[in-house]
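Participant: Generate a structure from the sequence data that follows.
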Amino acid sequence: MGTETKPAGRPAGRAQKLRVQGLVNAISRAALSTPGVAKGIGQNLILLYVYGRKSGKRYAIPIAYMAHDGKILIGTQFGWSRNLRTGDPIQVRYKGKLRSADVEVVTDPDRVAELYTVMCRKNHAFANFHAIGFDSSGEPDADAVRAAVEQGARAILLTPQVG
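Facilitator: So this is what the prediction gives:
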């Protein structure tokens, strides 16, 4: 497949931003904060509470996740992720419960590509969101994964605290 432009008009590896992203995020935040409802959609979404490094403002970021090696794995190209630092704990709403989580921001490009490949294999919607196709053997397109990394993709591993 290579890095050709995808049908949606985005270059390979470029994350999609919906025109109604603010509305989608507001609905997701409300659902993830509602007991009962949160358990259902919380199987695929987590709510991260991130503080802006410059503004100090608290942001509630709904994002898809998956379990990986006993941790929560997320991937994003969006700027809010630059506010996360390895070793700085954050608050998350995970499966309906508010808890602290230790953060590991993956910065090595080869490791980010490896983790993005894992996310694409396990979640084709994630791959589609990032304009990453699949080769004839069903593997994520390595060129598109590399393009995502070159365009600022980050992988973040979270370890939620029990309690």
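Participant: which element is residue 125 on?
Facilitator: Using DSSP states H and E, residue 125 sits in helix 124-129.
Participant: what's downstream of that helix, the next helix or strand?
Facilitator: Following helix 124-129 toward the C-terminus (DSSP H and E): helix 142-150.
Participant: What residues of the helix or strand that that following helix is followed by count as buried?
Facilitator: Remark: after helix 142-150, the chain's next helix or strand is strand 154-160, criterion DSSP H and E. Neighbour-count burial for strand 154-160, counted by 16 or more other Cβ atoms under 10 Å, picks out 154-158, 160. From N, CA and C alone the C-beta is placed, and that goes for glycine too.
Participant: Tell me the one of those residues nearest residue 68?
Facilitator: Closest approach to residue 68 among the buried residues of strand 154-160 (Cβ to Cβ): residue 157, at 7.3 Å.
Participant: Surely that closest one and residue 67 touch.
Facilitator: No. Assessed by Cβ atoms under 8 Å, residue 157 is found out of contact with residue 67, at 10.8 Å.
Participant: buried ones in stretch 91-102?
Facilitator: 91-96, 101.
Participant: how about residue 53, secondary structure?
Facilitator: Under DSSP: H, G, I helix; E, B strand; the rest coil, the three-state class of residue 53 is coil.
Participant: quick one: low-confidence parts of this protein?
Facilitator: Along the chain, the model assigns pLDDT under 70 to residues 1-27, 29-32, 34-43, 163.
Participant: residue at max distance from the center of it?
Facilitator: Centroid-distance maximum for the chain: residue 136 at 25.7 Å, with Cα atoms, centre = their mean.
Participant: circling back: so which of the buried residues of stretch 91-102 are in strands?
Facilitator: Among the buried residues of stretch 91-102, the ones falling in strands (DSSP state E) are 91-94, 101.
Participant: Fine, thanks again, bye for now.
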